[in-house]
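Asks: based on what follows, work out the 3D shape:
(one chain, ligands or ions: 2)
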Amino acid sequence: MMLHIPAVLTKPQVQEFRRRLAQAEWIDGRATAGPQGAQVKRNRQLAELSPLAQELGGVITQALANHPLFFAAVLPLRILPPYFNSYASGEQYGMHIDSAIRTRPGTANAMRADVSSTLFLSEPEEYDGGELIVSDAYGTHEVKLAAGDVIVYPSSSVHRVAPVTRGERVSSFLWSQSMVRDDAKRGMLFALDQNIQKLRAAHGDNEITVELAGHYHNLLRMWAEV
Ligand SMILES: O=C(O)CCC(=O)C(=O)O
Ligand SMILES: [Fe+2]
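Replies: Ligands and ions are numbered 1, 2, ... in the order given. Below is the predicted model of the structure:
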């Protein structure tokens, strides 16, 4: 399932992020790619443990963890601290799949990447190219969102970032381990949850919404690992 979550950061937050990131030290993005990814990845990133990445990343994690749509769609068990990337001058990230297991320097904890997220920090009119292109069972999806918006997509999908041929594309990306590892199951739970919310908004709680909420929780009980 792919989901567009608007306005995770406000425009003033985006501007502040961009101001701080413009002064940052960027390194070769291949530092965090696996062997296949490294062959096709050409971009720049903040070093994983840089104080700026940790500070700004904390703001993003907090905003996502408190966001009802992100919670309902991702059912996060763990959120790996966000990374920051920049593409300009023809840089791109060719076809790849995100590694299943991620670790962080300085920590022993490995986690499984189930859901990938990109938070756009450049407005679409600031650059040409730079679409995030995700292939799944339903086809190929090109994503280029307003600054502050997030796209959530399964880490199991093959995807790429098209070459940026004008301007600069700055973004943050992160991986989550979900309580429900299977994308199709997460998608069904999300649809059920959103429809229960719509019924509640239209008619208030009644015995039907209570019963449906029961089904939601019983499916979650069957599928969740915590
Ligand atoms: O910048 C993006 O939108 C995604 C980057 C990406 O796919 C990755 O770093 O694995
Ligand atoms: Fe990726």
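Asks: show me what contacts the nearest residue to Asn85 once chain neighbours are set aside?
Replies: Counting by CB to CB, 6 or more residues apart in numbering, Asn85 lies nearest to Gln45, which is 4.8 Å off, once chain neighbours are set aside. Where you see a C-beta, it was placed from the backbone N, CA and C, and this is true even at glycine. Counting by CB atoms under 8 Å, 6 or more residues apart in numbering, Gln45 makes contact with 26-29, 31-32, 83-86.
Asks: host element of Gln45?
Replies: Per DSSP states H and E: Gln45 is located in strand 44-46.
Asks: can you give the contact residues for the helix or strand just after that strand?
Replies: Later in the chain than strand 44-46, the nearest helix or strand by DSSP H and E is helix 51-65. Residues outside helix 51-65 that contact it (CB under 8 Å, 6+ apart): 8-9, 13, 17, 20-21, 24, 46-47, 70-71, 76, 79, 81-84, 117, 119, 150, 172, 174.
Asks: my read: Gly106 touches Leu49, true?
Replies: Yes. Between Gly106 and Leu49 there is a contact at 6.7 Å, judged by CB atoms under 8 Å.
Asks: looking at those two, which has the bigger crowd around it?
Replies: Neighbours per residue (other CB atoms under 10 Å) separate Gly106 from Leu49, with Leu49 holding more: 11 against 7.
Asks: that one: what's it in contact with?
Replies: By CB under 8 Å, 6+ apart, the residues touching Leu49 are 105-106.
Asks: on the pLDDT front, check it for me.
Replies: With respect to pLDDT, Leu49 has a value of 89.
Asks: any figure for the gap between it and Ala38?
Replies: Leu49 sits 20 Å away from Ala38, going by CB to CB, to the nearest Å.
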